[in-house]
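Participant: give me the fold of what follows.
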Amino acid sequence: MKARVHYVSPKGSAEMIAETIARECKCVKEPLLPAYMPEGIAIMFLGCEGSKADKVTKEFINSLSKNRVANAALFCCNPKKSDAPITEMKSLLEARGVHVMDQTFVCTGKGLFGKPPTEADCAEAQKFARSVIKTLFPDEN
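Facilitator: Predicted coordinates:
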C-alpha cells in the first residue's frame, strides 16, 4: 500500500494528528512546504488548520491528478471543530479527479481560544486512519 500524510500546521495541531495517522498507517508524513510531489499514491491523508483551507493546501491540491493520488482522506484542526475546510478541500480534490473518502476527521486546534488536540483526539485519529485503510484495503487487515 502506498500511503502518505501531508499537512499544513502553523500552530502544530495538524502535525500532531498527521504524526498519529502516519504511525497508524506506517507511512511517511510530510509538511506541504517543502513537499515532494506524490506519484502513484493509493491513499493520501491531507490535513490543515483553521476555519478554511489555506493557500498552500489549495495550491498543492491544484497540482494533483488521479494519476498522482487515487484517494484522499481529509482531516482538519480548528477551535470551532468546523468541517468547512474539509468541504472546501473535497470540492477542489474532486474537481482534479481524486476520489475523496467519506471518512473525515475534525478536532480542536490551537488558536486564540483553541486547545491542542487531546489524547482522546489522537485516539480518534487512529480510528479514522484504520477505518480508511480497512475500507480501501480490506484484505490487508
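Participant: which residue is nearest the middle of this structure?
Facilitator: The centroid of the chain falls nearest to residue 46 when counting by Cα atoms, centre = their mean (2.4 Å).
Participant: helix or strand: which one has that residue?
Facilitator: Assigned by DSSP states H and E, residue 46 belongs to strand 41-49.
Participant: buried residues in that strand?
Facilitator: Buried residues in strand 41-49, counting neighbours by 16 or more other Cβ atoms under 10 Å, are found at 41, 43, 44, 45, 46, 47, 48, 49. For glycine as for every other residue, the C-beta is placed from the backbone atoms N, C-alpha and C.
Participant: of the residues you listed, which is the nearest to residue 64?
Facilitator: Nearest to residue 64 among these is residue 44, at 8.3 Å by Cβ to Cβ.
Participant: where in the protein is pLDDT low?
Facilitator: Along the chain, the model assigns pLDDT under 70 to residues 1, 35, 110-114, 141.
Participant: ok, residue 103 to residue 95 distance?
Facilitator: According to Cβ to Cβ, to the nearest Å, residue 103 and residue 95 sit 20 Å apart.
Participant: neighbour-wise, which of the two wins?
Facilitator: It is residue 103, of residue 103 and residue 95, that has more neighbours when counted by other Cβ atoms under 10 Å, with 17 against 10.
Participant: which residues of the chain fall in strands?
Facilitator: 3-7, 28-31, 41-49, 69-77, 99-107 (DSSP state E).
Participant: export these as a markdown table, with columns for distance to residue 129.
Facilitator: Converted to a markdown table, the strands of the chain look like this (distance: least, Cβ to Cβ, whole Å):
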| stretch | distance to residue 129 |
| --- | --- |
| strand 3-7 | 9 |
| strand 28-31 | 11 |
| strand 41-49 | 7 |
| strand 69-77 | 8 |
| strand 99-107 | 8 |
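Participant: quick one: closest of those to residue 89.
Facilitator: For the strands of the chain, proximity to residue 89 was assessed by Cβ to Cβ; strand 69-77 is nearest, at 5.3 Å.
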